[in-house]
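J.: Fold the following for me, if possible:
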Amino acid sequence: MAKKKILIVDDEPDVRDVIRIVLEAEEYETMEASNGEEGLEKVSKRPPDLIILDFMMPQMNGPEMCQALKKDLLLRHIPVIMLTGRGELSDKVKGIDAGADDYVLKPFEPTELIARVKMILRRAEIDLDANPLTRLPGNVSIQNEIEGRIEENKLFAVCYIDLDKFKVFNDRYGFERGDRAIQETARVLIKGTQIRGNKNDFIGHIGGDDFVIVTTPDIADTLCNYIIKEFDKIVPTLYDEEDRQRGLIMGKDRKGNTIQTPLLTVSISVVTNENRKISHMAEVAQIGAELKEYAKSMEGSVYVKERRREDS
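T.: Okay, here's the model as predicted:
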């Protein structure tokens, strides 16, 4: 089992050393930052499972970092234990108000710190269905959402979102950059649903570079067009300057031949029950797979929508 990663954010090196020693003795992997700004930078590059955060620091203090973290939809799930050197109630309240999940007073007893760390991590693991990278709902929730709309006989549109040429991108830049591409895609989907979607729309992460949005047929076209536009905007920022200028990645196939792969695009297949009755989740998946194959045969970022009628 992979070790849990814990980020220690404190401006005092001695305090960081003590916490690191205590955590590593319990087989936790640690990262360190000396202020809130550095802490946020490290979180964005490699999200930890837990953050131990000092209340008072220069540049950006603990509550400020915590508030910034909780505003990010993809990072707000990370639990935070706030450290404070004061026993005043007001400091504890400020930490909790900023979004901290727990607090520990300095100087602390190592046994107490470890007990709180274990408690917070256990609590965080309860949400097992969430994708560990984006924290969006996973396959169980996706199935329940779609089956619920079928059972309630509601009009729905299931949008399957998939990145094209992602494997080549991942091979070229590595898993860390690949994870960033997936997270940025999730941000586009979240923003698109907030701006162009309905209040009750659902976003799920099937896994890897595959996502799902469950919306209504009247919204699907507008939503898909918005996602494609915003996705194509962010794609160049994921590449190094040389590849960005060329608009493609140069590489070699297994035989050593030079191949050129265009920048990432997104394919969206939209399954609706607007013109035909759908009575089972398996039908949605089958139609979605057919549409996905068709979408991926086209160039650029595209969406295709199920338009066949019941009698066709």
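
J.: The helix ranked longest in the chain packs against which elements?
T.: In the chain, assigned by DSSP state H, the helix with the most residues is helix 175-196. Judged by 3 or more CB pairs under 8 Å, 6 or more residues apart in numbering; DSSP states H and E, the packing partners of helix 175-196 are strand 157-164, helix 166-173, strand 202-207, strand 210-215, helix 217-234. The way it works is simple: take the backbone N, C-alpha and C, and place the C-beta from them, glycine included.

J.: what about dumping the CA coordinates of that helix to CSV?
T.: Taking Å, rounded to 0.1, in the frame of the first residue of the first chain, the C-alpha atoms of helix 175-196 are listed here in CSV:
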residue,chain,number,x,y,z
PHE,A,175,2.6,11.3,-15.0
GLU,A,176,2.8,14.5,-13.1
ARG,A,177,2.1,16.6,-16.2
GLY,A,178,-0.5,14.0,-17.2
ASP,A,179,-2.3,14.4,-13.9
ARG,A,180,-2.2,18.2,-14.3
ALA,A,181,-3.9,17.8,-17.7
ILE,A,182,-6.7,15.7,-16.1
GLN,A,183,-7.2,18.2,-13.3
GLU,A,184,-7.4,21.1,-15.7
THR,A,185,-9.9,19.2,-17.7
ALA,A,186,-12.0,18.6,-14.6
ARG,A,187,-11.8,22.4,-13.9
VAL,A,188,-13.2,23.1,-17.3
LEU,A,189,-16.0,20.7,-16.8
ILE,A,190,-16.9,22.1,-13.4
LYS,A,191,-16.7,25.7,-14.7
GLY,A,192,-18.8,24.8,-17.7
THR,A,193,-21.5,23.1,-15.7
GLN,A,194,-21.6,26.1,-13.3
ILE,A,195,-21.9,28.6,-16.1
ARG,A,196,-23.9,26.8,-18.8
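
J.: Look up how far Ser44 lies from Ile51.
T.: 13 Å (CB to CB, to the nearest Å).

J.: For the two, indicate the residue with more neighbours.
T.: Ile51 (29 against 14; other CB atoms under 10 Å).

J.: What's opposite that one in the beta bridge?
T.: Note on Ile51: beta-bridge partners by DSSP bridges are Leu7, Val80.

J.: doesn't Asp10 make contact with it?
T.: No - checked against CB atoms under 8 Å, the pair Ile51 and Asp10 is beyond contact range at 10.9 Å.

J.: In space, what's closest to the residue positioned nearest the centre of the chain - neighbours in sequence excluded?
T.: Among the residues of the chain, the one closest to the centroid is Thr134, at 1.8 Å (CA atoms, centre = their mean). If the residues on either side of it in the chain are set aside, Thr134 comes closest to Ala186, at 4.3 Å by CB to CB, 6 or more residues apart in numbering.

J.: which ones are touching that neighbour?
T.: Residues near Ala186 by CB atoms under 8 Å, 6 or more residues apart in numbering: Leu74, Thr134, Leu136, Ile203, His205, Phe211.
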